[in-house]
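Q: 3D, please:
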Amino acid sequence: MKVGLLLAESRGGIGQHVASLVPRFIAAGHEVIVCAPPGTAEHFDFGAATVVAQAPALRGSDVIHAHGYRAGMAALRDRSKLRPLVVTWHNAVIAPGPKGLVMRLGQRLVAKGADLTLGASSDLVELAKSLGARDARLAPVAAPTMQQATVPATDIRAELGLTDQPLILTVGRLAPQKDYPTLLSVAARVHESNPDAVFVVVGDGPLRDNLQARIDAEQLPVRLLGHRSDVANLLNAADVFLLTSHWEARALVVQEAMQVGVPVVATATGGIPELVDDSAVLAFPGDADGLADGVRAILAEPGTANAMRTRGRELAARWPDEDGAAKNLLDLYAGLVATTP
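A: Purely as a prediction, here's the structure:
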């Protein structure tokens, strides 16, 4: 088959997912064309795929797979020549106001226009069905194999100026979806009972200055580290992984934490509950008290923490890997090609 993969602007998990598919599709004997904006094409390694910048260059492909709503809309503009069309929904629309309204209208058009809609979490599948998708199925994005830590935990802690203080780690872009104001509130509450606990946030983004201003004003035990390429080392040194997002599908950072046995405290939103099952402490989005209680419980109860580490690893061992995810997609493509006029 000749497979066309279509991306909008991406610097995170969507681009990483597509980059993982390319070599596996090629190794299976298929030709791959990736359509992506120049910045995205430069950020990710698409290997031996042909890389183009405009969707019409995908004409002639046996199947088109668009990743995300914006990519789906780009494919629909050339609908008669870009099909069969598969669209994966990786994210929910949480933007308010006119922008959110336009995005939700785009969701509906993409749901009705795709031959096959894939959702990264079950709530996205149900949403697509409610918006008119003719065929919607769950297709979780596999977590990349977690790299081994290369620096001892004691050295990472020493770099951060820590010894045996509790270390609570968060990884993610400093953007509204991640709800970092709630994370700062969690840190303030945990500090009342665990004054030596330190919260470390890895990632950069538009909210950095505002977050730092609040950290300074309230003297919160939170450190913004910016971008880091050694997340595996930081996870190896962490006592708790904390996720405060308004919404996530199957957050890759949570999967990474579970793979290496870091207890997770997270918001019960999107695909997180089905991902973590009974291995994590969950609270409603925005519930700083509930999230803080979860962090405190893990820090206070070593037995609970150890049970969460074990259960997280057990669940992670059963997840589909990147090879399995690629094979599943190729099987879906073959079925579409065989049945599309």
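
Q: can I get the CA coordinates of the helix or strand of the chain with the lowest mean pLDDT in CSV?
A: Among the helical and strand segments of the chain, the one scoring lowest on mean pLDDT, DSSP states H and E is helix 97-113, with a mean of 86. As requested, C-alpha coordinates have been extracted for helix 97-113 and formatted as CSV (Å, rounded to 0.1, in the frame of the first residue of the first chain):
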residue,chain,number,x,y,z
GLY,A,97,-15.7,31.0,23.4
PRO,A,98,-15.8,31.5,19.6
LYS,A,99,-12.6,29.5,19.1
GLY,A,100,-14.1,26.5,20.9
LEU,A,101,-17.3,26.8,18.9
VAL,A,102,-15.4,26.8,15.6
MET,A,103,-13.4,23.8,16.7
ARG,A,104,-16.5,21.9,17.7
LEU,A,105,-18.1,22.6,14.3
GLY,A,106,-14.9,21.2,12.7
GLN,A,107,-15.2,18.1,14.9
ARG,A,108,-18.7,17.4,13.5
LEU,A,109,-17.6,17.9,9.9
VAL,A,110,-14.6,15.6,10.4
ALA,A,111,-16.8,13.0,12.2
LYS,A,112,-19.2,12.8,9.3
GLY,A,113,-16.5,13.1,6.6
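
Q: Pull out the buried residues from the helix or strand following it.
A: On the C-terminal side of helix 97-113, the closest following helix or strand by DSSP states H and E is strand 116-119. By neighbour count, and taking 16 or more other C-beta atoms under 10 Å as the criterion, the buried residues in strand 116-119 are L116, T117, L118, G119. For the C-beta atoms, the positions are set from N, CA and C on the backbone; glycine is no exception.

Q: Can you report how many residues neighbour V260?
A: Neighbour count of V260, defined by other C-beta atoms under 10 Å: 19.

Q: ah, wrong one, I meant A325
A: 20.

Q: thought it was touching V141?
A: Yes. Under the contact definition of C-beta atoms under 8 Å, A325 touches V141, with a separation of 6.8 Å.

Q: quick one, helices of the chain?
A: Counting by DSSP state H, the chain forms helices over residues 13-27, 38-43, 69-76, 97-113, 122-130, 153-159, 180-193, 208-218, 231-237, 252-260, 272-276, 288-300, 302-317, 322-339, given from the N-terminal end onward.
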